[in-house]
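Q: Using only what follows, build the 3D model:
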Amino acid sequence: MQDAELRELITFAGSLADAARDVIRPHFRAPLAVENKKNGGEFDPVTIADRDAENIIRERIMEKYPEHGVLGEEFGHTLSRNGFTWCIDPIDGTRAFITGVPQWGVLIALFEDETPVLGIMDQPYTGERFTGSRFGATLTQGARTTRLRTRACAGLDGAVLTTTHPGAFGKKSEHEAYLRVAAQTRLHRYGGDCYAYAMLAHGLIDLVIETALQPYDIQALIPIIEAAGGVITNWRGGPAHHGGQVIAAGDARLHAAALAIVQPDAE
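A: Numbers count the residues shown, from 1 in each chain. Next up is the predicted model:
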């Protein structure tokens with residue numbers, strides 16, 4: 001892909017995030033009906049903000065690039081006719097969204113076959129937009145854009161670790177693997193969803209370990225983290241774009257140390 005084409009796609013992706021912002025912001029910290037997508041005691045919330053945001057993103061993509069595929073959390077998969085697929089999570093962190101906590105974001109990714117082309121994590125409430133591509137990783141807030149770099153952290157004893165929630169681990173053994181890593185870190189915290197990965201790219205968090213992710217939960221974050229100098233893989237050390245068990249680190253040395261601990265529990 002030529003540079004000019006990639007820049008055009010990044011600009012277009014930004015316009016998708018703008019459209020989603022306009023849809024989502026009026027619903028945040030406002031009265032909002034919440035549906036549960038699951039039965040049997042599990043709680044997987046969805047709101048009109050999720051659905052309307054994904055709808056507007058899909059409509060804009062189909063208007064501009066009808067040959068592109070779209071994979072979204074709320075409305076499934078439209079197959080690509082040319083190898084390009086957009087991956088969308090209109091609100092990653094709906095639980096945070098419905099409780100008024102601004103640790104959620106709009107995730108927009110573009111992949112060419114199995115290769116990440118670009119990723120955006122947009123936080124409509126704070127006005128922060130994290131973008132990653134082969135041109136680098138940036139944070140844009142208002143008129144200001146800054147380059148993102150992960151921070152050096154060679155060992156677990158100096159690391160800040162996070163995961164979204166202890167109950168989000170699919171298996172007890174996975175949570176135990178996380179706790180084995182956490183026991184060796186300087187600090188570990190719960191909470192964050194996609195925002196934690198953005199803070200890793202920003203150099204404020206060193207390590208994120210999660211499981212049971214869907215492709216739309218992680219694909220937009222991969223280009224941001226990698227362009228900022230970080231490493232993100234599955235628990236086997238392979239590509240993370242299919243979701244599942246994911247480990248992200250700002251420093252390759254730290255990634256290797258944490259991976260060695262969780263790898264025995266890799267699927």
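Q: Give the buried residues for the strand or helix carrying residue 77.
A: Secondary-structure assignment from DSSP states H and E places residue 77 in strand 76-78. Buried residues in strand 76-78, counting neighbours by 16 or more other C-beta atoms under 10 Å, are found at residue 78. Placement of C-beta: from N, CA and C, glycine included.
Q: what's next to it, contact-wise?
A: Under the criterion C-beta atoms under 8 Å, 6 or more residues apart in numbering, residues 58, 69-71 lie in contact with strand 76-78.
Q: Could you pull out the strands in the stretch 151-267 of the chain for me?
A: According to DSSP state E, counting those that start in this stretch, the stretch 151-267 of the chain carries its strands in the segments 160-163, 187-190, 207-213, 231-234, 244-249.
Q: Let's have those in JSON lines, adding mean neighbour count.
A: JSON lines is the format used below for the strands of the stretch 151-267 of the chain (neighbours: other C-beta atoms under 10 Å):
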{"stretch": "strand 160-163", "mean neighbour count": "22"}
{"stretch": "strand 187-190", "mean neighbour count": "14"}
{"stretch": "strand 207-213", "mean neighbour count": "24"}
{"stretch": "strand 231-234", "mean neighbour count": "21"}
{"stretch": "strand 244-249", "mean neighbour count": "25"}
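Q: Distance to residue 125 added to those, as a markdown table?
A: Compiled in a markdown table, the strands of the stretch 151-267 of the chain are given as follows (distance: least, C-beta to C-beta, whole Å):
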| stretch | distance to residue 125 |
| --- | --- |
| strand 160-163 | 20 |
| strand 187-190 | 20 |
| strand 207-213 | 21 |
| strand 231-234 | 25 |
| strand 244-249 | 23 |
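Q: Out of the ones you listed, the one nearest residue 44 is which?
A: Within the strands of the stretch 151-267 of the chain, the stretch nearest residue 44 is strand 207-213; the backing value is 11.6 Å (C-beta to C-beta).
Q: Contact partners for the residue nearest to residue 158 when sequence neighbours are not counted?
A: Using C-beta to C-beta, 6 or more residues apart in numbering and skipping the chain neighbours, the partner closest in space to residue 158 is residue 186 (5.5 Å). Contacts for residue 186 (C-beta under 8 Å, 6+ apart) come out as 157-160.
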